[in-house]
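> I would like to see how this sequence folds:
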Amino acid sequence: MRIRVAVAAVSGALALSVLTVPGAYAAGFADHRTDIAKVREAVRAASGKTPFTGSTGSDDEPYNLDLSFSNVKVNSGRPIVVGTTNRVSVPVTYSVKHAVSVDITADDFLLEVEIYRGPYDELGNVLFSDDAPSCTASSSTAATCKGTIDVYPQDELRNEDAGTWKAIGVAIAWNGVNPEDLDPDWSKVGSVYQDGLGTAKLQRYSKLTVNASPEPVTKGKTVTVTGLLSRANWDTGTYTGYTSQPVQLQFRKKTSDTYTTLKSVKSDSMGNLKTITTATVDGYFRYSFAGTATTPTVKATGDYVDVK
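Purely as a prediction, here's the structure:
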(Lines give C-alpha, C1' and ligand atoms only; values in the text may rest on other atoms or scores of the structure.)
Protein backbone atom coordinates (compact mmCIF):
# COMPACT_ATOMS: atom_id res chain seq x y z
CA MET A 1 0.00 0.00 0.00
CA ARG A 2 1.29 3.45 -0.85
CA ILE A 3 2.04 6.03 1.77
CA ARG A 4 2.12 9.79 1.21
CA VAL A 5 2.97 12.69 3.49
CA ALA A 6 0.18 15.21 3.92
CA VAL A 7 0.98 18.77 4.98
CA ALA A 8 -1.60 20.71 6.94
CA ALA A 9 -1.44 24.23 8.39
CA VAL A 10 -2.23 24.09 12.10
CA SER A 11 -2.00 27.28 14.19
CA GLY A 12 0.35 28.80 11.61
CA ALA A 13 2.77 25.84 11.68
CA LEU A 14 3.28 22.94 9.29
CA ALA A 15 2.07 19.65 10.74
CA LEU A 16 3.19 16.47 9.02
CA SER A 17 1.05 13.36 9.00
CA VAL A 18 1.15 10.05 7.17
CA LEU A 19 -1.68 9.56 4.70
CA THR A 20 -2.72 6.20 3.28
CA VAL A 21 -3.68 6.53 -0.37
CA PRO A 22 -7.33 5.52 -0.85
CA GLY A 23 -8.50 2.54 -2.83
CA ALA A 24 -9.48 4.59 -5.87
CA TYR A 25 -5.87 5.73 -6.27
CA ALA A 26 -4.53 2.23 -5.80
CA ALA A 27 -6.88 0.90 -8.45
CA GLY A 28 -6.41 3.66 -11.03
CA PHE A 29 -2.88 4.94 -10.55
CA ALA A 30 -0.83 2.28 -8.78
CA ASP A 31 1.07 1.11 -11.85
CA HIS A 32 3.92 3.60 -12.19
CA ARG A 33 5.27 1.96 -15.29
CA THR A 34 2.02 2.13 -17.23
CA ASP A 35 1.19 5.70 -16.23
CA ILE A 36 4.60 7.16 -16.95
CA ALA A 37 4.78 5.39 -20.29
CA LYS A 38 1.42 6.87 -21.31
CA VAL A 39 2.42 10.45 -20.52
CA ARG A 40 5.82 9.95 -22.18
CA GLU A 41 4.11 8.68 -25.31
CA ALA A 42 1.65 11.60 -25.31
CA VAL A 43 4.50 14.10 -25.17
CA ARG A 44 6.48 12.26 -27.84
CA ALA A 45 3.47 12.23 -30.15
CA ALA A 46 3.07 16.02 -30.00
CA SER A 47 4.82 17.42 -33.07
CA GLY A 48 7.99 15.47 -32.51
CA LYS A 49 8.51 16.76 -28.95
CA THR A 50 10.37 14.60 -26.43
CA PRO A 51 10.10 14.53 -22.65
CA PHE A 52 13.06 16.92 -22.59
CA THR A 53 11.67 19.63 -24.90
CA GLY A 54 8.36 19.88 -23.08
CA SER A 55 5.18 21.71 -24.07
CA THR A 56 2.79 24.43 -22.93
CA GLY A 57 -0.29 22.31 -22.39
CA SER A 58 -2.02 23.50 -25.56
CA ASP A 59 -3.27 21.28 -28.38
CA ASP A 60 -4.02 18.43 -26.01
CA GLU A 61 -0.42 18.15 -24.77
CA PRO A 62 0.74 17.82 -21.15
CA TYR A 63 1.98 21.14 -19.80
CA ASN A 64 5.34 21.77 -18.13
CA LEU A 65 5.04 21.14 -14.40
CA ASP A 66 6.77 23.69 -12.15
CA LEU A 67 8.85 21.22 -10.13
CA SER A 68 12.57 20.45 -9.94
CA PHE A 69 14.76 17.73 -8.42
CA SER A 70 18.10 18.01 -6.61
CA ASN A 71 20.43 16.11 -4.24
CA VAL A 72 19.73 12.79 -5.93
CA LYS A 73 21.50 9.75 -4.50
CA VAL A 74 20.96 6.27 -5.87
CA ASN A 75 21.95 3.45 -3.49
CA SER A 76 24.01 5.97 -1.49
CA GLY A 77 26.45 6.17 -4.38
CA ARG A 78 27.28 2.46 -4.29
CA PRO A 79 26.99 0.15 -7.34
CA ILE A 80 23.74 -1.77 -7.78
CA VAL A 81 24.78 -5.43 -7.80
CA VAL A 82 22.24 -7.82 -9.32
CA GLY A 83 22.22 -11.61 -9.52
CA THR A 84 20.21 -13.86 -11.81
CA THR A 85 16.83 -14.34 -10.13
CA ASN A 86 16.08 -12.26 -7.02
CA ARG A 87 14.57 -8.79 -7.14
CA VAL A 88 17.03 -6.13 -5.99
CA SER A 89 15.62 -3.02 -4.32
CA VAL A 90 17.95 -0.10 -3.62
CA PRO A 91 17.22 3.22 -1.88
CA VAL A 92 16.89 6.52 -3.72
CA THR A 93 16.83 9.87 -1.92
CA TYR A 94 16.26 13.32 -3.38
CA SER A 95 14.81 16.79 -2.80
CA VAL A 96 12.09 18.56 -4.76
CA LYS A 97 11.07 22.19 -5.07
CA HIS A 98 7.78 23.17 -6.65
CA ALA A 99 5.28 25.97 -7.10
CA VAL A 100 2.68 26.48 -4.37
CA SER A 101 0.05 25.38 -6.86
CA VAL A 102 1.70 21.95 -7.28
CA ASP A 103 0.29 19.49 -4.77
CA ILE A 104 2.69 16.57 -4.45
CA THR A 105 0.40 15.02 -1.82
CA ALA A 106 -2.51 14.67 -4.25
CA ASP A 107 -3.78 11.13 -4.61
CA ASP A 108 -3.07 11.12 -8.34
CA PHE A 109 0.37 12.77 -8.26
CA LEU A 110 3.22 10.52 -9.41
CA LEU A 111 6.78 11.29 -8.39
CA GLU A 112 9.99 9.30 -8.71
CA VAL A 113 13.61 9.09 -9.78
CA GLU A 114 14.42 6.50 -12.42
CA ILE A 115 17.66 5.32 -14.01
CA TYR A 116 18.00 4.64 -17.71
CA ARG A 117 20.46 3.39 -20.28
CA GLY A 118 20.49 4.57 -23.88
CA PRO A 119 18.24 7.33 -25.26
CA TYR A 120 15.47 7.91 -22.72
CA ASP A 121 13.12 9.47 -25.26
CA GLU A 122 13.42 6.35 -27.42
CA LEU A 123 12.14 4.20 -24.57
CA GLY A 124 15.38 2.34 -23.95
CA ASN A 125 15.98 0.43 -20.76
CA VAL A 126 14.46 2.23 -17.76
CA LEU A 127 14.45 0.95 -14.17
CA PHE A 128 11.65 2.17 -11.88
CA SER A 129 10.29 1.89 -8.38
CA ASP A 130 7.47 -0.49 -7.50
CA ASP A 131 5.96 2.03 -5.09
CA ALA A 132 5.51 5.74 -4.62
CA PRO A 133 8.13 7.54 -2.50
CA SER A 134 7.67 8.80 1.03
CA CYS A 135 8.10 12.59 1.07
CA THR A 136 8.44 14.95 4.03
CA ALA A 137 7.62 18.60 3.43
CA SER A 138 10.05 21.20 4.75
CA SER A 139 7.86 24.08 3.50
CA SER A 140 4.85 24.61 1.26
CA THR A 141 7.16 24.43 -1.78
CA ALA A 142 9.88 21.94 -0.81
CA ALA A 143 10.22 18.34 0.35
CA THR A 144 12.73 15.56 0.79
CA CYS A 145 11.82 12.14 -0.55
CA LYS A 146 12.84 8.52 -0.11
CA GLY A 147 12.03 5.88 -2.65
CA THR A 148 13.50 2.80 -4.29
CA ILE A 149 14.59 1.44 -7.62
CA ASP A 150 13.47 -2.15 -8.07
CA VAL A 151 15.30 -4.43 -10.48
CA TYR A 152 14.00 -7.75 -11.83
CA PRO A 153 16.94 -9.35 -13.68
CA GLN A 154 14.97 -12.09 -15.40
CA ASP A 155 12.55 -9.61 -16.96
CA GLU A 156 14.58 -6.42 -17.36
CA LEU A 157 18.29 -7.08 -17.84
CA ARG A 158 20.68 -8.32 -20.50
CA ASN A 159 24.44 -8.64 -20.11
CA GLU A 160 24.95 -5.48 -22.15
CA ASP A 161 23.09 -3.52 -19.46
CA ALA A 162 26.00 -3.76 -17.01
CA GLY A 163 27.75 -0.42 -16.65
CA THR A 164 26.79 3.20 -16.04
CA TRP A 165 23.17 4.34 -16.03
CA LYS A 166 21.81 7.89 -15.83
CA ALA A 167 19.35 9.25 -13.27
CA ILE A 168 16.26 11.24 -14.26
CA GLY A 169 13.48 12.75 -12.18
CA VAL A 170 9.86 12.26 -13.26
CA ALA A 171 6.77 14.02 -11.91
CA ILE A 172 3.23 13.77 -13.25
CA ALA A 173 0.23 15.72 -11.99
CA TRP A 174 -2.87 13.99 -13.30
CA ASN A 175 -5.18 16.66 -11.87
CA GLY A 176 -8.19 14.37 -11.94
CA VAL A 177 -7.57 13.04 -15.46
CA ASN A 178 -7.98 9.27 -15.76
CA PRO A 179 -5.26 7.78 -18.00
CA GLU A 180 -7.55 4.83 -18.67
CA ASP A 181 -10.04 7.04 -20.53
CA LEU A 182 -10.21 6.50 -24.27
CA ASP A 183 -9.62 10.20 -24.96
CA PRO A 184 -8.13 11.87 -21.86
CA ASP A 185 -7.65 15.64 -21.84
CA TRP A 186 -3.85 15.72 -21.79
CA SER A 187 -3.78 19.53 -21.58
CA LYS A 188 -4.86 19.18 -17.93
CA VAL A 189 -1.94 16.86 -17.12
CA GLY A 190 1.35 18.36 -15.95
CA SER A 191 4.67 16.58 -16.35
CA VAL A 192 8.36 17.21 -15.90
CA TYR A 193 11.36 15.07 -16.83
CA GLN A 194 14.60 16.40 -15.35
CA ASP A 195 17.71 14.74 -16.73
CA GLY A 196 21.33 15.06 -15.62
CA LEU A 197 20.71 14.13 -11.97
CA GLY A 198 23.72 11.85 -11.69
CA THR A 199 24.68 8.29 -12.52
CA ALA A 200 24.45 4.81 -11.05
CA LYS A 201 26.56 1.78 -11.81
CA LEU A 202 24.83 -1.54 -12.47
CA GLN A 203 26.98 -4.65 -11.95
CA ARG A 204 26.69 -8.40 -12.45
CA TYR A 205 26.91 -10.29 -9.15
CA SER A 206 30.17 -12.24 -8.87
CA LYS A 207 31.23 -15.45 -7.11
CA LEU A 208 34.70 -16.84 -6.34
CA THR A 209 35.69 -20.25 -4.96
CA VAL A 210 38.98 -21.75 -3.78
CA ASN A 211 40.32 -25.18 -2.95
CA ALA A 212 43.86 -25.87 -1.73
CA SER A 213 45.20 -29.43 -1.72
CA PRO A 214 46.51 -31.76 -0.48
CA GLU A 215 45.33 -31.38 3.09
CA PRO A 216 47.36 -31.92 5.18
CA VAL A 217 50.62 -31.29 3.33
CA THR A 218 54.28 -31.79 4.22
CA LYS A 219 56.30 -28.62 4.75
CA GLY A 220 58.22 -27.69 1.61
CA LYS A 221 55.90 -29.66 -0.67
CA THR A 222 53.67 -28.27 -3.40
CA VAL A 223 50.16 -26.98 -2.73
CA THR A 224 47.80 -26.81 -5.71
CA VAL A 225 45.19 -24.05 -5.47
CA THR A 226 42.17 -24.16 -7.77
CA GLY A 227 39.07 -22.03 -8.00
CA LEU A 228 36.37 -20.54 -10.19
CA LEU A 229 35.52 -16.90 -10.92
CA SER A 230 31.95 -16.57 -12.17
CA ARG A 231 29.33 -13.86 -12.51
CA ALA A 232 25.66 -13.46 -13.25
CA ASN A 233 24.74 -14.03 -16.87
CA TRP A 234 21.55 -12.02 -17.39
CA ASP A 235 21.09 -13.48 -20.87
CA THR A 236 20.80 -17.06 -19.62
CA GLY A 237 19.78 -16.63 -15.98
CA THR A 238 22.80 -18.62 -14.79
CA TYR A 239 26.30 -18.00 -13.45
CA THR A 240 29.08 -18.41 -16.01
CA GLY A 241 32.86 -18.16 -15.82
CA TYR A 242 34.47 -14.73 -16.04
CA THR A 243 37.33 -15.32 -18.44
CA SER A 244 40.83 -13.84 -18.77
CA GLN A 245 40.65 -11.90 -15.51
CA PRO A 246 43.58 -11.27 -13.13
CA VAL A 247 42.94 -12.77 -9.70
CA GLN A 248 45.24 -12.60 -6.69
CA LEU A 249 46.24 -15.70 -4.75
CA GLN A 250 46.52 -14.69 -1.10
CA PHE A 251 47.61 -16.40 2.11
CA ARG A 252 47.36 -15.70 5.82
CA LYS A 253 49.04 -17.58 8.63
CA LYS A 254 46.88 -19.39 11.16
CA THR A 255 48.04 -16.89 13.79
CA SER A 256 47.32 -13.79 11.67
CA ASP A 257 44.26 -11.85 10.52
CA THR A 258 45.99 -10.34 7.50
CA TYR A 259 46.19 -11.80 4.00
CA THR A 260 49.32 -11.34 1.87
CA THR A 261 49.28 -11.58 -1.93
CA LEU A 262 51.49 -14.39 -3.24
CA LYS A 263 50.96 -14.08 -6.98
CA SER A 264 48.53 -13.11 -9.74
CA VAL A 265 46.65 -15.79 -11.65
CA LYS A 266 44.54 -15.27 -14.79
CA SER A 267 41.23 -17.10 -15.20
CA ASP A 268 41.04 -19.41 -18.21
CA SER A 269 38.42 -19.59 -20.97
CA MET A 270 35.91 -21.09 -18.51
CA GLY A 271 36.72 -18.85 -15.56
CA ASN A 272 38.78 -21.55 -13.83
CA LEU A 273 41.84 -20.73 -11.73
CA LYS A 274 44.82 -22.97 -11.01
CA THR A 275 48.31 -22.41 -9.66
CA ILE A 276 50.86 -23.98 -7.33
CA THR A 277 52.78 -22.69 -4.33
CA THR A 278 55.01 -24.10 -1.60
CA ALA A 279 53.70 -25.13 1.82
CA THR A 280 55.51 -23.30 4.62
CA VAL A 281 53.21 -22.88 7.64
CA ASP A 282 49.62 -23.63 8.66
CA GLY A 283 47.22 -21.13 7.18
CA TYR A 284 44.48 -20.12 4.78
CA PHE A 285 44.61 -19.72 1.00
CA ARG A 286 42.09 -17.63 -0.89
CA TYR A 287 41.58 -15.94 -4.25
CA SER A 288 40.73 -12.23 -4.43
CA PHE A 289 39.25 -10.42 -7.45
CA ALA A 290 39.50 -6.62 -7.60
CA GLY A 291 36.44 -6.22 -9.85
CA THR A 292 35.77 -4.33 -13.08
CA ALA A 293 33.33 -1.65 -14.19
CA THR A 294 30.68 -4.32 -14.80
CA THR A 295 31.51 -6.81 -12.02
CA PRO A 296 32.05 -6.18 -8.29
CA THR A 297 34.97 -7.10 -6.08
CA VAL A 298 34.77 -10.57 -4.56
CA LYS A 299 36.93 -12.64 -2.22
CA ALA A 300 36.72 -16.39 -1.70
CA THR A 301 36.39 -17.79 1.80
CA GLY A 302 39.84 -18.95 2.91
CA ASP A 303 40.64 -22.67 2.65
CA TYR A 304 42.75 -23.95 5.56
CA VAL A 305 45.81 -26.13 4.96
CA ASP A 306 47.56 -27.98 7.81
CA VAL A 307 51.32 -28.13 7.22
CA LYS A 308 53.10 -31.07 8.87
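
> now the helices for the chain?
23-29, 32-44, 153-156 (DSSP state H).

> May I have the residues that are in contact with residue 226?
210, 211, 213, 272, 273, 274 (C-beta atoms under 8 Å, 6 or more residues apart in numbering). For every residue, glycine as well, the C-beta is placed using N, CA and C.

> Of the residues you listed, which belong to strands?
Counting by DSSP state E, the part of these found in strands is 210, 211, 213, 272, 273, 274.

> which residues does the fourth one bridge with?
According to DSSP bridges, residue 228 are recorded as the beta-bridge partners of residue 272.

> Repeat that for the first one.
According to DSSP bridges, the partner residues bridging residue 210 are residue 227.

> Distance check, it against residue 134.
The spacing between residue 210 and residue 134, counted by C-beta to C-beta, to the nearest Å, is 43 Å.

> So which of these two has more stuff around it?
residue 210 (22 against 15; other C-beta atoms under 10 Å).

> if we can go back for a sec, can you select the buried ones from the contacts of residue 226 in PyMOL?
To isolate the buried members of those in PyMOL, using 16 or more other C-beta atoms under 10 Å:
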select buried, resi 210+211+272+273
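
> Now for the contacts of residue 226: which two are most distant?
213 and 272 (14.9 Å; C-beta to C-beta).

> which non-adjacent residue is nearest residue 265?
In space, and not counting its chain neighbours, residue 265 is closest to residue 275: 4.7 Å by C-beta to C-beta, 6 or more residues apart in numbering.

> any chance of the ones in strands among the contacts of residue 226 in JSON lines, with pLDDT too?
Shown next, in JSON lines, are the ones in strands among the contacts of residue 226 (pLDDT from 0 to 100):
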{"residue": "210", "pLDDT": "98"}
{"residue": "211", "pLDDT": "98"}
{"residue": "213", "pLDDT": "98"}
{"residue": "272", "pLDDT": "98"}
{"residue": "273", "pLDDT": "98"}
{"residue": "274", "pLDDT": "98"}
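
> if I pick the residue positioned nearest the centre of the chain, what's in contact with it?
Among the residues of the chain, the one closest to the centroid is residue 80, at 4.7 Å (C-alpha atoms, centre = their mean). Residue 80 sits next to 74, 88, 90, 149, 151, 200, 201, 202, 203 when contact means C-beta under 8 Å, 6+ apart.

> among those residues, who's most crowded?
Busiest of the contacts of residue 80 [other C-beta under 10 Å] is residue 74, holding 27 neighbours.

> show me what contacts that residue?
Contacts of residue 74 by C-beta under 8 Å, 6+ apart are 80, 90, 92, 113, 115, 149, 167, 198, 200.
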